[in-house]
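**Student:** need coordinates for the following:
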Amino acid sequence: MPLSLVAAPTLEPISIAEARAQCRVDGNDEDGLIAGYVLAARDYVETYTRRALMTQTWDQIGNCLVNEIVLKKPPIQSVTSVKYLDGSGVEQTLAPSQYRIVRRDTGEYVIVPAYGVTWPTPQAVEGAVTVRFVAGYGAAPSNVPEAIRQALLILVAHLYAIREPVVTGTIVSEVPLSVDTLLFPHRAF
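**Tutor:** Residues are numbered from 1 along each chain as shown. From the prediction side, this is the model:
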C-alpha cells in the first residue's frame, strides 16, 4: 500500500538554534543552509526508521479491505477515515464503529474490523481503498525520543561540516555510537 503525504509537519524535531549550536556556528548568516540540513536530516531519519517524527497526515492507498490493514508510518495518533470504492465505483466511508486501531507489542499499528463486523468488498480496481491517518510522536519537538533528536543533531553537524561527497587527504573513521546506532532501536519493521 503506497503512502502519500497529505499534510507535512509544521515544526521540525530540532530547532535552527539547536542545530546552530551543534554546528558551533555563531550568528544567523547560515540559517537558511542549516534549515535545509535539518529538513534533509529529518527526511533521512524518517526513511531509515520508517517512522513519522512530528505530527503529519498521510494517505495509505490499497486495493482491498482485508482482515487487517498495517499502517506503514508509525507511531499512529489517529485514523481520520477509511474510504473505499463500492461495487458501483462510488466512494464510501467506513464508520469509525466498523474498525479498531490496534498497537501490537512489536510497535506495529493495524486497523482491524470491529467485533462482529465484516467489511464490505470494494470494487476490484487499483487504489480502491484509502486510509487517511495522522502519524508522529506529537506536535512538540519534546515528544520525539531524545535519541532520535540527538541523531538529528549529529547528522546536521555532519552535513554542515562535510559539504562535498569526497574528502581527500584525510583519514576518516566512523564515530561509534553515532547516528545509526542511536536510530536503530527506533526502526519500525
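
**Student:** averaging pLDDT per element, find the lowest-scoring helix or strand in this structure.
**Tutor:** None of the helices or strands of the chain scores lower by mean pLDDT, DSSP states H and E than helix 179-183, at a mean of 78.

**Student:** pull the distance from it to the chain's centre.
**Tutor:** Distance of helix 179-183 from the chain centroid (Cα atoms, centre = their mean, to the nearest Å) equals 16 Å.

**Student:** what does stretch 137-146 give?
**Tutor:** Remark: stretch 137-146 is offset 12 Å from the chain centroid, using Cα atoms, centre = their mean.

**Student:** could you pull out the helices in this protein for me?
**Tutor:** 16-23, 31-49, 146-161, 179-183 (DSSP state H).

**Student:** now do the longest one: distance to the chain's middle.
**Tutor:** Mean C-alpha position of helix 31-49 versus that of the full chain (Cα atoms, centre = their mean) differs by 13 Å.

**Student:** need the CA coordinates for it. PDB is fine.
**Tutor:** C-alpha atoms of helix 31-49 as PDB (Å, rounded to 0.1, in the frame of the first residue of the first chain):
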ATOM      1  CA  ASP A  31      20.400  29.700   9.000                       C
ATOM      2  CA  GLY A  32      19.000  29.000   5.500                       C
ATOM      3  CA  LEU A  33      21.700  26.400   4.900                       C
ATOM      4  CA  ILE A  34      21.200  24.900   8.300                       C
ATOM      5  CA  ALA A  35      17.400  24.800   7.900                       C
ATOM      6  CA  GLY A  36      18.000  22.800   4.700                       C
ATOM      7  CA  TYR A  37      20.200  20.400   6.500                       C
ATOM      8  CA  VAL A  38      17.600  20.000   9.300                       C
ATOM      9  CA  LEU A  39      15.000  19.100   6.600                       C
ATOM     10  CA  ALA A  40      17.400  16.600   4.900                       C
ATOM     11  CA  ALA A  41      18.300  15.100   8.300                       C
ATOM     12  CA  ARG A  42      14.600  14.600   9.200                       C
ATOM     13  CA  ASP A  43      13.900  13.000   5.800                       C
ATOM     14  CA  TYR A  44      16.800  10.600   6.300                       C
ATOM     15  CA  VAL A  45      15.800   9.700   9.800                       C
ATOM     16  CA  GLU A  46      12.200   9.200   8.800                       C
ATOM     17  CA  THR A  47      13.200   7.000   5.900                       C
ATOM     18  CA  TYR A  48      15.700   5.000   8.000                       C
ATOM     19  CA  THR A  49      13.400   4.400  10.900                       C
END
